[in-house]
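>>> Following is a predicted model, sequence given first.
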Amino acid sequence: MPEVTNLKVTIAYDGTDFCGFQRQAQGERTVQGELEKALLKLTDAVPQIIASGRTDSGVHAKGQVINFKTSSRIPLRRWPAAFNSCLPPDLVVWNAEEVAPDFHARYGAKAKTYQYIVSRRRWPDIFLRRYSYHYPVVLEVAAIREAAATLVGLHDFKGFAAAGSSALTTTRHLYQVEIEEQGEELIFMLKGNGFLYKMVRNIVGTLLLIGEGKMAPVMIREILATGKREKAGPTAPPQGLTLLSVQY
C-alpha cells in the first residue's frame, strides 16, 4: 500500500467570484470545488478537504489553512508549484507541509485573525472596491474603540451571530479587537479562538452605528447580556472581510 501523507496547505483567494469556501449542491463556483478539481488532475483522486473554517461568498483569505490526506508521490517541495499550475488566478497555494496524521485544520486551530477594511473616502476607490466597504460617513473613532474594548474577553456572542449557524455553543474568546486609521481607511482587526456565522461582519456593522452616534457604546454590553440579534447593527457586506491567518 502507498504511504499516506497528511498535508497542511496554506492558501489565499480573492473571494469576489466565489460562492464561499464550501462546495455547493448546485455546482456553484467555490474554493473547495476548485481545489478538488486541481487534486483530481494531480492525483486522480479527490480526498476529503478540511478547512480551518468556511468563509462566506465574497469573503477573502490571505492565510486560510486546509489539510487533506494523499498517497500521491509528488515531492513535498513540489506541491505548491503543482497545485498552482492547476488553479485559477484568484486562488493560490502559499505553502505545503507534512503534518502528523491526526492534524485537523478545523479542530486544531487555536486562534484566527480577521481584518475588515472600511473606506471613508467621499468617492469609491476603484482599486479598493473588491476589498473594502465604502462607507463615506464621518465616524467618531474614539466611540468605536470604546465599544470594541467591551468585546475583548470570553463572552456569549449569540447577539452577533447570524441565523443558520450550526455551532454547538455561542461562547467565544476574543483576544483582540483593534481599530487602526490608515488615511481614509478604517482597519478593524479581530483575533479570537473562533468566530460564529457572520460574527465579524455583525460586529463591524454594529460598531459603525456606534461611530455614527446612532447607538451608544454601552449597547455592546446589552447585546452580549441579552443575546438578541435585533439589538445589534446590520451585517457589514462581505468584500471588506479577509481571513488573515490561523494559529495552531
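Perfect, I can see it now.
>>> Please enumerate residues in contact with stretch 72-87?
Around stretch 72-87, the neighbours that count as contacts under Cβ atoms under 8 Å, 6 or more residues apart in numbering are 2, 5, 7, 9, 34-35, 37-38, 41-43, 45, 92-98. Quick note: C-beta positions are derived from backbone N, CA and C, even for glycine.
>>> Which among those count as buried?
Burial by neighbour count, 16 or more other Cβ atoms under 10 Å: within the contacts of stretch 72-87 this picks out 5, 7, 9, 34, 35, 38, 42, 43, 93, 96.
>>> what's the closest of these to residue 65?
The closest of the buried ones among the contacts of stretch 72-87 to residue 65 turns out to be residue 9 (Cβ to Cβ; 7.3 Å).
>>> tell me the contacts of that closest one?
If you count contacts by Cβ under 8 Å, 6+ apart, then residue 9 has 65, 66, 67, 68, 79, 83, 93, 95, 96 around it.
>>> do the same with residue 243
With Cβ under 8 Å, 6+ apart, residue 243 has these contacts: 52, 53, 55, 59, 60, 61, 62, 63, 64, 112, 113, 114.
>>> The same query, at a cut-off of 6 Å, please.
Contact analysis of residue 243 by Cβ atoms under 6 Å, 6 or more residues apart in numbering lists 55, 61, 64, 114.
>>> Next, the residue lying closest to it once chain neighbours are set aside: phi, psi?
Residue nearest to residue 243 in three dimensions, not counting chain neighbours: residue 61, with 4.2 Å by Cβ to Cβ, 6 or more residues apart in numbering. When quoted as degrees, to the nearest 10, the phi and psi of residue 61 stand at phi -150, psi 140.
>>> and if you look at residue 33?
Per-residue torsions, residue 33: phi -60, psi -40 (degrees, to the nearest 10).
>>> I'd say it and residue 23 touch.
Yes: Residue 33 is in contact with residue 23 according to Cβ atoms under 6 Å; the separation is 5.2 Å.
>>> The residue nearest to residue 243 and residue 13 touch, don't they?
Yes: contact criterion Cβ under 6 Å: residue 61 and residue 13 qualify, at 5.4 Å.
>>> Any regions of this protein where pLDDT drops low?
Applying pLDDT under 70 to the chain picks out residues 1-2.
>>> For it, just list every one of the strands.
Applying DSSP state E to the chain gives strands spanning 5-13, 50-51, 60-70, 91-99, 111-119, 133-134, 153-156, 171-182, 185-192, 241-247.
>>> Export the ones you listed as CSV, with columns for distance to residue 211.
Supplementary listing: the strands of the chain in CSV, determined by distance: least, Cβ to Cβ, whole Å:
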stretch, distance to residue 211
strand 5-13, 30
strand 50-51, 32
strand 60-70, 23
strand 91-99, 34
strand 111-119, 9
strand 133-134, 13
strand 153-156, 21
strand 171-182, 9
strand 185-192, 8
strand 241-247, 18
